[in-house]
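Undergrad: sequence first, predicted model second:
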Amino acid sequence: ILENNPAVVYARQVGEGWPHTFITPNIYQLLGYTSIDIISRPELWDDLMHPEDLAELMSQGLPSLLRTGNHTFVTRFRHRDGHYRWIENQARLTHLDDGPLLMVGTMADVTKRTQAEVALRENEARTRAIVNTALDAVISIDERGLIIDWNPQAEILFGYTAQEALGLPLDETIIPPRYRAAHAHGMNRILQNGSNTTIKRRFEFSALHRNGQEFPVEFAIASTQVNGQRTFSAFVRDITERTQAETALRESEERYRTLIELSPFGVFVFCEGQTVYVNSTAISILGATEPGDLLDRSPFDFIHPDYHEDVINNLRLVLAGEATVHRAERVYLKMDGTPIHVQVEAVRITWNGKPAIQGFFSDITKRKQAEEALRETNYMLQALIDTSPLAIIGLDQDGTNVTRWNPAAERIFGWPAAEVIGQPLPYVPAGEEAPSHAMWEQTTRDGVLIGCEVRRLRKDGSLIDMALWSTVLKDARGDVTGTFAF
């Protein structure tokens, strides 16, 4: 029996030196020493034991053995090759007939088991450290729904200490009343299913704080099965700030979308060569009836061909970031081909993760027509002034300096326009300054002066008699900006 026993069997006499009186030969496989080595050298045993374990044996193990009559030691022994092995020693005290008190027992190599246990303890310690320092609340429950683990962040998040939470039903602790039935139903369905498959789910809902306040959380749950018993572990994260940010973003986007839709300007977005967005004003300006008339079409379908090259070059600069805003006047084409003048501003944006161009444009056709009409009117007025046989003279707002001096004035008074413009009137004879200024004041007060006979000076020093008409010039607000005399 002893020879076939894989464990080493031994007997030691209790007392001074605790010498071995018997040990099976398989001690050689265990430690690399023979039975004779161990029995003949009593001190060898203590020398082979790890100093830390020897100290613990002397202070705790042997006293326990002597007190109870049996004890199991797990200690490290140095093998002959120099490596330590974990040895489990199951010992008890006994008397053989009338002989001395003996410690008899068995020893077995438990190095792999002990290393696995150490590794397991270390892994559990690491896991516990991770759980305890996690920024998320970590909660575990058993099949009954009772809390079996509650980390420090869970204490902060829900207001219960671990001591208070352990053993409580989860649904009565952090689940709002309106969700408890659904929670219980889901747990029952999982347990009744009886599947050994690990469950991993992530969802969002409102959780309940100890003070009764609800707040949004992200809830990631996983299940494991150990020794036929299921446990469920959840990582819970407070997403109040994220939810508020998402709500603010949605509200901002809704406000922006509303502003864009109600904008008096046409708004478009071009992305990857196609029109991907137009607002209602753009639809109206371009003569379309619905967005589908314009979407998914090239923007150049609505830009006059004369502007294609310039638009391509400028959009390339904006997309490359070499220009932040592109402003220009263009000619667009309505759905029926009618050209319209537009004022457009374009900027680079991101559309669904891709670079795009957002543009704002307004129909300035009427303004352009009015500007053209004004240019024609000004041209005709200038032509009338330049060809008039009457001297036409303009003064500034204060009636001090000359602002206009037509060719007839040059002929009649002898001064060329270049010598007179920006200078005081040169043709008022000495001593006539006050009456001349009084006539200017009367004109600005009454708005017009008709047929006043005056004497004026020519450049050659001669005097001429003439009839004077004058009127005021006003801006769009009705403010006087100058006077005209004929």
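TA: Sure, I can see it. Numbers count the residues shown, from 1 in each chain.
Undergrad: so which residues of the stretch 301-450 of the chain form strands?
TA: 325-333, 339-351, 354-363, 393-395, 402-405, 448-457 (DSSP state E, counting those that start in this stretch).
Undergrad: and the ones you listed as a markdown table, adding mean pLDDT and distance to R411?
TA: Every C-beta, even on glycine, is put in place using the N, C-alpha and C of the backbone. A markdown table is the format used below for the strands of the stretch 301-450 of the chain (pLDDT from 0 to 100; distance: least, Cβ to Cβ, whole Å):
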| stretch | mean pLDDT | distance to R411 |
| --- | --- | --- |
| strand 325-333 | 89 | 42 |
| strand 339-351 | 91 | 42 |
| strand 354-363 | 91 | 48 |
| strand 393-395 | 89 | 13 |
| strand 402-405 | 92 | 11 |
| strand 448-457 | 84 | 14 |
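Undergrad: among the ones you listed, which is nearest A288?
TA: Among the strands of the stretch 301-450 of the chain, the nearest to A288 by Cβ to Cβ is strand 325-333 (11.7 Å).
Undergrad: distance from the closest one to the middle of the chain?
TA: Taking Cα atoms, centre = their mean, to the nearest Å, one finds the center of strand 325-333 at 34 Å from the center of the full chain.
Undergrad: again, but for stretch 324-340
TA: Distance, centroid of stretch 324-340 to centroid of chain: 36 Å (Cα atoms, centre = their mean).
Undergrad: then stretch 277-288?
TA: For stretch 277-288 - counting by Cα atoms, centre = their mean - the centre lies 32 Å from the chain centre.
Undergrad: and that stretch, which residues are buried?
TA: The neighbour-count check on stretch 277-288 (16 or more other Cβ atoms under 10 Å) flags Y277, V278, N279, S280, T281, A282, I283, I285, L286, A288 as buried.
Undergrad: now do the SS call for the last one.
TA: Judged by DSSP: H, G, I helix; E, B strand; the rest coil, the three-state class of A288 is coil.
Undergrad: show me what contacts it?
TA: V278, L294, M335 (Cβ atoms under 8 Å, 6 or more residues apart in numbering).
Undergrad: grab the nearest non-local neighbour of the second one.
TA: Spatially, and ignoring its direct neighbours in sequence, L294 is nearest to V278 (4.9 Å; Cβ to Cβ, 6 or more residues apart in numbering).
Undergrad: still on that earlier bit, take the contacts of A288 and lay them out in TSV including pLDDT and distance to I156.
TA: Putting the contacts of A288 into TSV (pLDDT from 0 to 100; distance: Cβ to Cβ, whole Å) gives the following:
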residue	pLDDT	distance to I156
V278	92	50
L294	92	54
M335	93	62
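Undergrad: and N314, how many neighbours?
TA: 17 (other Cβ atoms under 10 Å).
Undergrad: what sits against it?
TA: A323, H326, A328, A346.
Undergrad: could you rerun that using 7 Å?
TA: H326 (Cβ atoms under 7 Å, 6 or more residues apart in numbering).
Undergrad: please enumerate the helices of the stretch 101-250 of the chain.
TA: Counting by DSSP state H, counting those that start in this stretch, the stretch 101-250 of the chain has helices at residues 111-133, 152-158, 162-165, 177-193, 240-262.
Undergrad: who wins for proximity to Q90 among these?
TA: Short answer: helix 111-133, nearest of the helices of the stretch 101-250 of the chain by Cβ to Cβ, at 14.0 Å.
Undergrad: which other helices and strands contact that closest one?
TA: strand 84-95 (3 or more Cβ pairs under 7 Å, 6 or more residues apart in numbering; DSSP states H and E).
Undergrad: the same query, at a cut-off of 10 Å, please.
TA: strand 70-78, strand 84-95, strand 137-141, strand 147-150, helix 152-158 (3 or more Cβ pairs under 10 Å, 6 or more residues apart in numbering; DSSP states H and E).
Undergrad: where does the stretch 101-250 of the chain have low pLDDT?
TA: Within the stretch 101-250 of the chain, the stretches with pLDDT under 70 are 191-200.
Undergrad: secondary structure element for L65?
TA: Take DSSP states H and E as the rule and L65 turns out to sit in helix 62-68.
Undergrad: going by neighbour count, list what's buried in that helix.
TA: L62, L65.
Undergrad: contacts for it, please.
TA: With Cβ atoms under 10 Å, 6 or more residues apart in numbering as the test, helix 62-68 has contacts from 14, 18, 56-57, 70-73, 91-93, 101, 103, 105.
Undergrad: now do the same end-to-end measure for stretch 453-470.
TA: Terminal residues of stretch 453-470 lie 12 Å apart, using Cα to Cα, to the nearest Å.
Undergrad: ok now do L30, which residues does it touch?
TA: P6, A7, V8, I23, T24, F77, H79, R85, I87, M107, A108, D109.
Undergrad: hang on, the earlier thing: CA atoms of the helix holding L65 as CSV?
TA: This file holds the C-alpha atoms of helix 62-68, laid out as CSV (Å, rounded to 0.1, in the frame of the first residue of the first chain):
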residue,chain,number,x,y,z
LEU,A,62,3.1,23.1,15.4
PRO,A,63,1.2,24.7,18.3
SER,A,64,-2.0,24.0,16.5
LEU,A,65,-1.0,20.4,15.9
LEU,A,66,-0.1,19.9,19.5
ARG,A,67,-3.3,21.5,20.6
THR,A,68,-5.7,19.7,18.3
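Undergrad: so for it, mean pLDDT?
TA: Per-residue pLDDT over helix 62-68 has a mean of 92.
Undergrad: thanks a lot, see you next time.
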